[in-house]
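Chemist: can't give you the sequence, but here's the structure:
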């Protein structure tokens, strides 16, 4: 069975969903490497993160191995930890995860599911074509400058910008951080490619709300994918919520397709 058939069967909940999607597992590993935080610990197969971040993946529990102790015991420990950090207890679960019973167990305990997100993947053998756009000037930058500009474009508060800056500086693998200015010299777009061996993650793609629908998002994606390919990546991935139809359409037109999904569960909506 080819990869597309495996993904389709997994989405339908068929027997193929129980097979191992090695690329998806590799991407999950790379995505965790690309979003490393200082506030994290391993706890019996769970990567527990409690960074004071805007990004939920930096302040949630990621399941990376089958668990052993009783779930109730683990929940008590984690509830105490997150209460001490003054954060809600959030689980990030995915369709390729090693503990396939946990989602149902959490639902039975009243944890609500939300934030359904697709991980979209493309082969770097698939050409996205070229995108020419007059008027934008690109520059590569350091983690601090990148965090400041993307924080402004997203209207982050000062604390979230500081956390983002620290997180970007902690990434151990090569990164391409691009900022784009318009003819007036204003920063209007940004994006980052994190190259982890043969896979590249596309993160923090943002376009100023006042200049959207001008092709800036497409242009910066082309730049990031070209840079990732030149750095040796053979596959690229990104994460986008299902509700963001315009972004999903853009990424599909570039050659990305749905590979697997992840979602969050919590008692407390944000």
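Modeler: It's in. As the structure is a prediction and not an experimental result, all values here were calculated from the model.
Chemist: find the residue at the geometric middle of the chain.
Modeler: With distances taken as Cα atoms, centre = their mean, the residue of the chain nearest its centroid is residue 239 (4.6 Å).
Chemist: and it, which of the three is it?
Modeler: Using DSSP: H, G, I helix; E, B strand; the rest coil, the secondary structure recorded for residue 239 is strand.
Chemist: beta partners for it?
Modeler: Residues in a beta bridge with residue 239, per DSSP bridges, are residue 119.
Chemist: wait, residue 23 touches residue 235, no?
Modeler: Yes. Counting by Cβ atoms under 8 Å, residue 235 is a contact partner of residue 23 at 6.7 Å. Yep, even glycine has a C-beta here, placed from its N, CA and C like the rest.
Chemist: got any residues that touch both of those two?
Modeler: Common contacts of residue 23 and residue 235 (Cβ atoms under 8 Å, 6 or more residues apart in numbering): residue 121.
Chemist: about what we covered before: measure the residue nearest to the centre of the chain to residue 199 for me?
Modeler: Separation of residue 239 from residue 199 (Cβ to Cβ, to the nearest Å) stands at 13 Å.
Chemist: contacting residues for the residue nearest to the centre of the chain?
Modeler: 31, 117-120, 262 are the contacts of residue 239 under Cβ under 8 Å, 6+ apart.
Chemist: roughly how far does the nearest residue to residue 54 once chain neighbours are set aside sit from residue 143?
Modeler: Counting by Cβ to Cβ, 6 or more residues apart in numbering, residue 54 lies nearest to residue 160, which is 4.4 Å off, once chain neighbours are set aside. Computed as Cβ to Cβ, the residue 160 to residue 143 distance reads 14 Å.
Chemist: how about the helix or strand hosting residue 153: buried residues?
Modeler: Taking DSSP states H and E as the criterion, residue 153 maps to helix 143-154. Of the residues in helix 143-154, 143, 145-151, 153-154 count as buried by neighbour count, 16 or more other Cβ atoms under 10 Å.
Chemist: nearest to residue 88 among those residues?
Modeler: Checking the buried residues of helix 143-154 against residue 88 with Cβ to Cβ, the nearest one is residue 154 at 20.6 Å.
Chemist: so the closest one touches residue 208, yeah?
Modeler: No. Judged on Cβ under 8 Å, residue 154 makes no contact with residue 208 at a distance of 9.9 Å.
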